[in-house]
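A.B. asks: sequence first, then the predicted structure, then my questions.
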Number of protein chains: 2
Amino acid sequence: MSDENDKNTRISDLGEFGLIEHLTRKVQLHNESSIRGVGDDAAVMDYSGRRVLVTSDLLLEGIHFNLMYTPLKHLGYKAVIVNISDVLAMNGFPEQVVVSLGVSGKFGLKHIEDLYEGIHLACDKYHVDLVGGDTTSSVTGMTISVTAVGSVEPEKAVFRGGSRVNDIICTTGNLGGAYMGLQLLEREKEVFKKRPGVQPDLSGYDYILERQLKPEARADIIRLLGEKGIVPTSMIDISDGLSSDVLHLCHHSNLGCKIFQEKIPLHKETEKMGQELDIDPTTAALNGGDDYELLFTIPTSEYDKIKEEEKILPVGHMTSPDFGCYMVSTSDHQIELKAQGWSKQKG
Amino acid sequence: MSDENDKNTRISDLGEFGLIEHLTRKVQLHNESSIRGVGDDAAVMDYSGRRVLVTSDLLLEGIHFNLMYTPLKHLGYKAVIVNISDVLAMNGFPEQVVVSLGVSGKFGLKHIEDLYEGIHLACDKYHVDLVGGDTTSSVTGMTISVTAVGSVEPEKAVFRGGSRVNDIICTTGNLGGAYMGLQLLEREKEVFKKRPGVQPDLSGYDYILERQLKPEARADIIRLLGEKGIVPTSMIDISDGLSSDVLHLCHHSNLGCKIFQEKIPLHKETEKMGQELDIDPTTAALNGGDDYELLFTIPTSEYDKIKEEEKILPVGHMTSPDFGCYMVSTSDHQIELKAQGWSKQKG
């Protein structure tokens, strides 16, 4: 099927099975563990002697993404990234993904191809095989469910629980940028709604927009930790914000924590956008989420191994549970860390 | 939290993480391969020396289920069953499931607990561990994504391709019942819409209603085949109807097939409902779907091993690809088998 024909092809012309064949026709399996991919009742993998990791995420239009400002290619990319990030957060590497898609009548084949282009791009970049998927019609909008499968050596699997008192809490990059990118997109959406002729003004904010629309997962950090011979005592990826995610580590490890505001890494665009929108960038880092940096703890005895690494940034340490979970502000106040609520909606 | 309190608890009172903890608090891991379950970035499994099977299905309100006549407990049960059935169709056994849920504001905690009650029931019955899940808010209705993980010995994995000419096509139970159950539910829904006071008349049709609302997966057949030392040459589960699903076996095996109408097993309630609604029960069997029986092929040389088994029912045989894919009707006409279209909507 040529690209020219694609544009005029309706999904119904292909049929459900034709659609999946069409979307996955270029998929080649690269990982030795990928025995059989798309086109059977289940994908088949082989992982002798390793721990198999499986994680699944559901992305819903109107909750997790807004197609008014999210290009479908970016959305497909991000849908894979967020799952890859969960596998990395176990100290493992992703090897396969399975994608399920629900699409309503407002989408044509070209839309779904764009989405899959992003899915394929993320798979290629992170050496992950797309091994399964189905598509179904939907009454309303788009639903994407991605399951990622990976593996890790048994003794290297890292959980959320496992930290000890005084372990150093590290992150792997600046925080709050994805949230600020989202606020910018939301602002321009409102402007556009009121005055549809006006082009959105996104200039000078490439970085935070990319953090929101096309995030990356930190496979490089897992490789680096492996090279340094470090197995973190606990780890999570920052999908809900530093505050929620460090609280997960504390909860599962039955410990408290002390984070230092001055140590929280912020990008200059995050700070600039914060000024423009009157949002405290530290609040964005704590509660914004969607950054997909890793957050992990290591014993103080391991700190020397990574203290020269620019990619690994200490932000605080674990404490006894009696202490509670606090951030020490730049003005030396202790601020209790809170989890994000259930009903946070993005986009 | 007592049951009495549950009824008055809003989802927002628990928070997202509280909700998952609440819903999975009774989960115990039974399978040796289940290393770590709900509550981390990914579930962890171990399957030394076996093939790992992963399958995922997305169920959308208004497409795959209608909550006007689908009890949530049944829905949760069925959501697990359809995925278990896909693992069985590879000749493997399911061991874990991961559940992702999107729910809009119209659902309260009690609703989600009912759904999870069905999920837990199916997991218990089929000895499957619930090892992961997340919940998210949704703009519209309910979305359920279930991923099932299982395993099979490498030499016993059965794919859709692999049939040879003259292999016998077998199914494992009567077909079309789930479809007829759906038609009955749809009829009573229409009656109820016009005259809301009228109680639905579902008496005498318990069997086909159960086929639609609370189907089972044929783990017993996989065990039986194992006991008999039979590895089918190809296999699929009947989720889209005999016609679509035998066409999958033909397509992947690059063969044709001949099915005999008189051999297609029909339940007496399916026939009775067919008369009442003026729907040909054979058409329901061919195109209805949702029966979750297995459909597999075995060489003629293996037939003696299963010919006494009441659970295994031959319906035809594979042919050379030139022959095409046909059903021989009771009046001895050859009717070409067709796949179901993309836009089939249930409920």
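C.D. replies: That came through fine.
A.B. asks: can you pull out the strands in the stretch 151-300 of chain A?
C.D. replies: Along the stretch 151-300 of chain A, counting by DSSP state E, counting those that start in this stretch, strands occupy A:168-171, A:234-237, A:256-260, A:294-298.
A.B. asks: oh, that last question was meant for the stretch 1-150 of chain A, not what I typed.
C.D. replies: A:34-36, A:43-46, A:51-60, A:93-103, A:129-137, A:142-152.
A.B. asks: just put these in TSV and tack on distance to residue B:100, mean pLDDT and mean neighbour count.
C.D. replies: C-beta: built from backbone N, CA, C; applies to glycine. Converted to TSV, these look like this (distance: least, Cβ to Cβ, whole Å; pLDDT from 0 to 100; neighbours: other Cβ atoms under 10 Å in any protein chain shown):
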stretch	distance to residue B:100	mean pLDDT	mean neighbour count
strand A:34-36	23	75	20
strand A:43-46	18	76	26
strand A:51-60	4	90	26
strand A:93-103	10	90	26
strand A:129-137	15	82	24
strand A:142-152	6	93	28
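A.B. asks: okay, those in TSV with distance to residue B:153 next?
C.D. replies: Formatted as TSV, the strands of the stretch 1-150 of chain A follow (distance: least, Cβ to Cβ, whole Å):
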stretch	distance to residue B:153
strand A:34-36	12
strand A:43-46	11
strand A:51-60	16
strand A:93-103	20
strand A:129-137	19
strand A:142-152	19
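A.B. asks: so for residue B:305, which of these sits nearest?
C.D. replies: Evaluated with Cβ to Cβ, the strands of the stretch 1-150 of chain A place strand A:43-46 nearest to residue B:305, the distance being 25.5 Å.
A.B. asks: and residue A:326, its phi and psi?
C.D. replies: As for residue A:326, its main-chain torsions (degrees, to the nearest 10) stand at phi -130, psi 150.
A.B. asks: circling back to that earlier point, to residue B:304, which of the strands of the stretch 151-300 of chain A lies closest?
C.D. replies: strand A:234-237 (55.8 Å).
A.B. asks: just checking: what are the partner strands of the closest one?
C.D. replies: strand A:294-298 (antiparallel) (DSSP bridges).
A.B. asks: report the distance from the strand it pairs with to the chain centre.
C.D. replies: How far strand A:294-298 lies from its chain's middle: 16 Å, per Cα atoms, centre = their mean, to the nearest Å.
A.B. asks: ditto for stretch A:283-302
C.D. replies: 13 Å.
A.B. asks: alpha carbons of it, in PDB - could you do that?
C.D. replies: Taking C-alpha atoms only, stretch A:283-302 is exported to PDB below (Å, rounded to 0.1, in the frame of the first residue of the first chain):
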ATOM      1  CA  THR A 283       6.100  23.200  43.200                       C
ATOM      2  CA  ALA A 284       6.200  22.000  39.500                       C
ATOM      3  CA  ALA A 285       9.100  19.700  40.400                       C
ATOM      4  CA  LEU A 286       7.400  18.300  43.500                       C
ATOM      5  CA  ASN A 287       3.900  17.900  42.100                       C
ATOM      6  CA  GLY A 288       4.100  18.100  38.300                       C
ATOM      7  CA  GLY A 289       5.200  14.700  37.300                       C
ATOM      8  CA  ASP A 290       5.700  13.300  33.800                       C
ATOM      9  CA  ASP A 291       9.500  14.000  34.000                       C
ATOM     10  CA  TYR A 292      10.400  10.300  33.700                       C
ATOM     11  CA  GLU A 293      13.700  10.800  35.500                       C
ATOM     12  CA  LEU A 294      14.700   8.000  37.900                       C
ATOM     13  CA  LEU A 295      14.700   8.500  41.600                       C
ATOM     14  CA  PHE A 296      16.800   6.000  43.600                       C
ATOM     15  CA  THR A 297      18.600   5.500  46.900                       C
ATOM     16  CA  ILE A 298      22.200   4.300  47.400                       C
ATOM     17  CA  PRO A 299      24.100   3.700  50.700                       C
ATOM     18  CA  THR A 300      26.500   6.500  51.600                       C
ATOM     19  CA  SER A 301      29.300   4.000  51.200                       C
ATOM     20  CA  GLU A 302      28.500   3.900  47.400                       C
END
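A.B. asks: neighbours of residue A:277, how many?
C.D. replies: For residue A:277, the neighbour count with other Cβ atoms under 10 Å in any protein chain shown is 14.
A.B. asks: residue A:187 is in contact with that one, correct?
C.D. replies: Yes. Under the criterion of Cβ atoms under 8 Å, residue A:277 makes contact with residue A:187 at 7.1 Å.
A.B. asks: out of the strands of the stretch 1-150 of chain A, flag the one nearest residue A:177.
C.D. replies: strand A:51-60 (19.8 Å).
A.B. asks: who are the packing partners of that closest one?
C.D. replies: Secondary-structure packing of strand A:51-60 (3 or more Cβ pairs under 8 Å, 6 or more residues apart in numbering or on different chains; DSSP states H and E): helix A:72-88, strand A:142-152, strand B:43-46, strand B:51-60, strand B:93-103, strand B:129-137, strand B:142-152.
A.B. asks: that strand pairs with which strands?
C.D. replies: strand A:142-152 (antiparallel), strand B:43-46 (antiparallel).
A.B. asks: with distance to residue B:214 as added columns, please give the ones you listed in JSON lines.
C.D. replies: Rendered in JSON lines, the data for these read as follows (distance: least, Cβ to Cβ, whole Å):
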{"stretch": "strand A:142-152", "distance to residue B:214": "23"}
{"stretch": "strand B:43-46", "distance to residue B:214": "26"}
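A.B. asks: out of those strands, flag the one nearest residue B:85.
C.D. replies: With respect to residue B:85, and counting by Cβ to Cβ, the nearest of the strands paired with strand A:51-60 is strand A:142-152 at 17.1 Å.
A.B. asks: list the contacts for residue A:254?
C.D. replies: A:161, A:321 (Cβ atoms under 8 Å, 6 or more residues apart in numbering or on different chains).
A.B. asks: so which residue is smack in the middle of chain A?
C.D. replies: residue A:82 (3.0 Å; Cα atoms, centre = their mean).
A.B. asks: need the residues of the stretch 151-300 of chain A near chain B, please.
C.D. replies: Counting by Cβ under 8 Å from any Cβ of the partner chain, the stretch 151-300 of chain A comes close to chain B at A:152, A:154, A:157, A:159-160, A:235-237, A:248, A:252.
A.B. asks: now for the residues you listed: which two are most distant?
C.D. replies: Counting by Cβ to Cβ, the most remote pair of those is A:154 and A:248, 22.7 Å apart.
A.B. asks: between those two, which is the more surrounded one?
C.D. replies: residue A:248 (20 against 12).
A.B. asks: doesn't residue A:160 make contact with the more buried one?
C.D. replies: Yes. Shown here, residue A:248 and residue A:160 form a contact pair, counting by Cβ under 8 Å, at 5.3 Å.
A.B. asks: so what sits against both of those two?
C.D. replies: Counting by Cβ under 8 Å, 6+ apart, the residues touching both residue A:248 and residue A:160 are residue A:236.
A.B. asks: which intervals of chain A have sub-threshold pLDDT?
C.D. replies: A:1-12, A:14-20, A:37, A:39, A:340-347 (pLDDT under 70).
A.B. asks: outline the domain layout of it.
C.D. replies: A:3-156, A:168-336 (automatic domain parsing).
A.B. asks: which of those domains sits most buried?
C.D. replies: Compared across the domains of chain A, domain A:3-156 shows the largest average neighbour count, a mean of 21 (mean count of other Cβ atoms under 10 Å in any protein chain shown).
A.B. asks: picking that back up, I'd say the residue nearest to the centre of chain A and residue A:216 touch.
C.D. replies: No. If you go by Cβ under 8 Å, residue A:82 and residue A:216 don't touch, sitting 10.9 Å apart.
A.B. asks: for the two, list the residues in contact with both.
C.D. replies: residue A:292.
A.B. asks: quick one, what contacts the closest residue to residue A:114 other than its chain neighbours?
C.D. replies: Counting by Cβ to Cβ, 6 or more residues apart in numbering or on different chains, residue A:114 lies nearest to residue A:72, which is 4.0 Å off, once chain neighbours are set aside. Residues counted as contacts of residue A:72 (Cβ under 8 Å, 6+ apart) are A:111-112, A:114-115, A:118.
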